[in-house]
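# Kindly generate the corresponding structure for this input.
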Amino acid sequence: MAFETDMSANYAGNADSHDPVRNDEEIAALQTAILEKLTYHVGKRRAIATDRDWLMATAYALRDQIVDRWLAGIDSAYQNGSKRVYYLSLEFLIGRLLFDNLNNLNQLDLMRAALAGLDVDLDKLRAMEPDAALGNGGLGRLAACFMESMATLDIPAHGYGIRYEHGLFRQVMKNGWQQEYPEDWLALGNPWEFHRPDVHYEIGFGGAIEAVPISEAAVRHVWHPAETIEAVAYDTPAVGWRGRRVNTLRLWSAHSADPLRLDAFNHGDHAGALAEQVKAESISKVLYPSDATPAGQELRLRQEYFFVSASLQDLVRRHFKAFGHVASLPDKTAIQLNDTHPAIGIAEMMRILLDVHQVPWEDAWRMTQAIFSYTNHTLLPEALEVWPVPLMERLLPRHMQIIYLINALHLGHVRKEHPNDEALLTSVSIIDEQQGRRVRMSHLAFLGSHRVNGVSALHTGLMRQTVFRDLHELYSDRIVNVTNGIAFRRWLHEANPRLTRLLVDAAGPEVLDDENALTKLRPLANDRSFQKRFAASRYVNKLALSDLIRRELEVRVDPSALFDVHVKRIHEYKRQLLNILEAIALYNAIRARPMDDWTPRVKIFAGKAAASYQQAKLIIKLIHDVARVINSDPTVRNVLKIVFLPNYSVSMAEVIIPAADVSEQISTAGMEASGTGNMKFALNGALTIGTLDGANIEILEHVGAENMFIFGLTAEQVAARRGLGSDLTDVIAASPVLAQVLASVESGVFSPDEPDRYRSLVDQLRYHDYFLVCADFDDYYAKQRMIADLWRRPEAWWQAAILNTANVGWFSSDRAIREYADLVWNVPAYVAP
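Numbers count the residues shown, from 1 in each chain. Below you'll find the model as predicted:
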């Protein structure tokens, strides 16, 4: 990569976004606001203020500017009788908000200047802000991008979720093994949120149903819960680009209705007096508690119903306040279920309409279907939630009554249209009678929604052909596709300001507002001068990532090497295992031919494995073991380095993605619904190595096959190969490179302290390779050699990199939200003049 560093010095300084020029009066006014917040809100004098004090004061001063826009948008929605979108998601991975809000309000340079005048470093404050621990991966990050885009497109919207006190977990590596510790992101306070103690709702569990006669022919069902807890609201403003609109992210915290049993406390049972409080508050403690036990399963269900019930009660109250009745609810309300977790909302809305507002069943069902739509994000069976019927009947008895009746009416209709087809009835029933009687929540979401969407063209097609095949045959117009998108403001403007500045210089400031303006870069792709500038901006980002790796791992990497990046949730279908096996094969080749002219490469991994997912945690351990051996082998001569960065987060991604040269998107074809990391990397000019899976296919259509490295079996070929069984010994025997790799892993070369550590993993690859790692290995290995060859031809490499950035404007979350607004929600979206 000969000319990579030619101009790096020109890009090493401050590279913030293109704020308008600010005058001294604006800077002074902002300084005054910050100092007032420091004194009267934080309670500190300037002379003794800590960095954290300055962070809080800065955030509060900025929040004041946001609030005026926020309240104006709320007032406008009420005055205009606007239809509102409600986005229900168990995750909102919003990351840090200081720079996000400054960037969207075009205040970044102004704030930097104001703080500099107070001898405060804005970048130091940025690093101090904790990531909001409200999500795990792509699902939560998509929700955050969509919230930003809905505000940008001036769509009145609320996000609803849970205010997790400790998030998923903080990942700590001990001797290569993942250890989980609670996140403490709220320990020092959250300056962006507003506590709303006056906005609270009772959430019931268990109990009995009373049928109260209201006429000779009708009864009203009254649910008497055995247990009631309180959902209390916390609001965070969600700022759109240029502050066009500010929407609300409302998160619920669980509290006991009776926080202390004083009688028990006074009798000396101090712990027992708090038992109900502990049980209630456990609902909002942790994201995705393990469901390996019955208690864990119950907590998961309680979490989902808790936030769904609070959200629906809240939005119905808001509608009733505005319009005085619920009859127009479908005309003024669109509820989007982000995956299957909130599917109990279908039954809860029916309960509210039937039992609280006395709406007749037929009208209530028509209204519910008109209000709800459902996004499916996965075809994996474990993610298509099912709940044991006994658990549902015990915890949510009224909802099970409603689900039984929905199912009975649905099956009655199917039986009438398709008599004597018992197999069809079994397939489309909400109740799975074949595996211990379970409620299929995805079926409930499908039947209770007017639109069901997949998140890539391939995924939507597979939905129609597999998990919803029979339901699709019955309701052929219900499934539509809306391919995922990403917020360019976060993943280009904010995460990669150097590249953003270059793009503005080259294509004009319209690239900041119109994602399609990136196509103006196409003619510059083979311009040698522009290539050098593009490469130089990448190099500075690689210096920053190299520094992060040194600080976190005490490993030094060469920023001029090829940065090959695989960062995402650790799962067998995402095939981090395939990547590390290829690294071993490369290592073997380097040792066999040490004098060859190898392309220097750094393989960078990051991601969390679910706490109870032992195989994924074993893969993390293997990556660490391989890294330890390779990084310490003098014969490799730093040609190959392996690193695993712990505790992957949005903020870490903002450092990694702009520095990546290669983007690993290598899931087993047909198993990744869409992916959004693939879009973020391509936007920043990384070249993708990937399978024909998820949105990789659509990226291929936009970027061109010559600018990506596609390998492996297609979804159809995967299905055919699985039909032959999962024994891959014949494939391994035909691949000497793979056979050598597996033999070294199995024999303990990378685990001399425990030679048999990976024997079961290798056995699984030989005899039960469901994710077809072995089947795709040779093709993957060959494509990696092609990548190494292209890296040695910088003009060709940077032409491909520039064309990636130039051609992925379609993957903006603004485009996705416009499609939802048109195809699903029937709401207007802002169109730039």
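# Touching, G670 and A719? I think so.
Yes: using CB atoms under 8 Å, G670 and A719 qualify as a contacting pair, with a distance of 7.0 Å. Quick note: C-beta positions are derived from backbone N, CA and C, even for glycine.
# if you count what's nearby, which of these two comes out ahead?
G670 (25 against 15; other CB atoms under 10 Å).
# how about the more buried one, secondary structure?
coil (DSSP: H, G, I helix; E, B strand; the rest coil).
# quick one: contacts for it?
In this structure, G670 makes contact with 379, 458, 462, 693, 715, 718-719, judged by CB atoms under 8 Å, 6 or more residues apart in numbering.
# A775 versus that one, what's the distance?
13 Å (CB to CB, to the nearest Å).
# surely E706 meets N804?
No: contact criterion CB under 8 Å: E706 and N804 do not qualify, at 11.1 Å.
# dump the residue contacts of the residue lying farthest from the centre of the chain.
Distance from the C-alpha centroid of the chain, by CA atoms, centre = their mean, peaks at E216 (51.9 Å). Applying CB under 8 Å, 6+ apart to E216 gives no contacts.
# Look at it and report its pLDDT.
Here the pLDDT value assigned to E216 is 79.
# Would you double-check that it falls in a helix?
No: under three-state DSSP, E216 falls outside any helix and is assigned coil.
# Flag every buried residue along the host helix or strand of D68.
Per DSSP states H and E, D68 falls inside helix 51-80. Across helix 51-80, burial judged by 16 or more other CB atoms under 10 Å covers 53-63, 65-66, 69-70, 73, 77.
# likewise stretch 511-529?
Residues 511-512, 514-515, 517-519, 521, 524-525, 527 are the ones in stretch 511-529 that count as buried (16+ other CB under 10 Å).
# contacts for it?
17-18, 241-242, 488, 493, 500, 503-504, 506-508, 510, 530-531, 795, 799, 802-803, 805-810, 812, 814-815, 832.
# Give me the distance between that stretch and the centre of its chain.
Offset of stretch 511-529 from its chain centre (CA atoms, centre = their mean, to the nearest Å): 28 Å.
# Kindly report the same for stretch 437-453.
Centroid separation for stretch 437-453 versus its chain: 22 Å, with CA atoms, centre = their mean.
# now swap in stretch 424-431 and tell me
The mean C-alpha position of stretch 424-431 is separated from the chain mean by 31 Å, CA atoms, centre = their mean.
# what is the rounded mean pLDDT of stretch 95-109?
For stretch 95-109, mean pLDDT rounds to 96.
# tell me the centre residue of the chain?
By CA atoms, centre = their mean, the mean C-alpha position of the chain lies nearest to G138, the distance being 2.5 Å.
# Would you confirm that that residue contacts T676?
Yes: the pair G138 and T676 qualifies as a contact (CB under 8 Å) at a distance of 5.2 Å.
# Just name the shakiest helix or strand of the chain by mean pLDDT.
Counting by mean pLDDT, DSSP states H and E, the chain has its least confident helix or strand at helix 262-266, which shows a mean of 80.
# which of the contacts of stretch 511-529 are buried?
The neighbour-count test (16+ other CB under 10 Å) marks 17, 241, 488, 493, 500, 503-504, 506-507, 530-531, 799, 802-803, 805-810, 812, 814-815 as buried among those.
# quick one on the thing from earlier: what residues are up against the residue nearest to the centre of the chain?
Counting by CB under 8 Å, 6+ apart, G138 touches 377, 568-569, 674-677.
# quick one: I623 from L742, how far?
Remark: distance between I623 and L742 (CB to CB) = 16 Å.
# higher neighbour count, these two?
More crowded of I623 and L742, by other CB under 10 Å: I623, with 25 against 22.
# residue ranges with poor pLDDT in the stretch 401-550 of the chain?
In the prediction, the stretch 401-550 of the chain carries no residues with pLDDT under 70.
# can you map out the helices along it?
For the stretch 401-550 of the chain, the helices defined by DSSP state H, counting those that start in this stretch cover 422-428, 441-447, 457-465, 469-474, 488, 497-507, 528-553.
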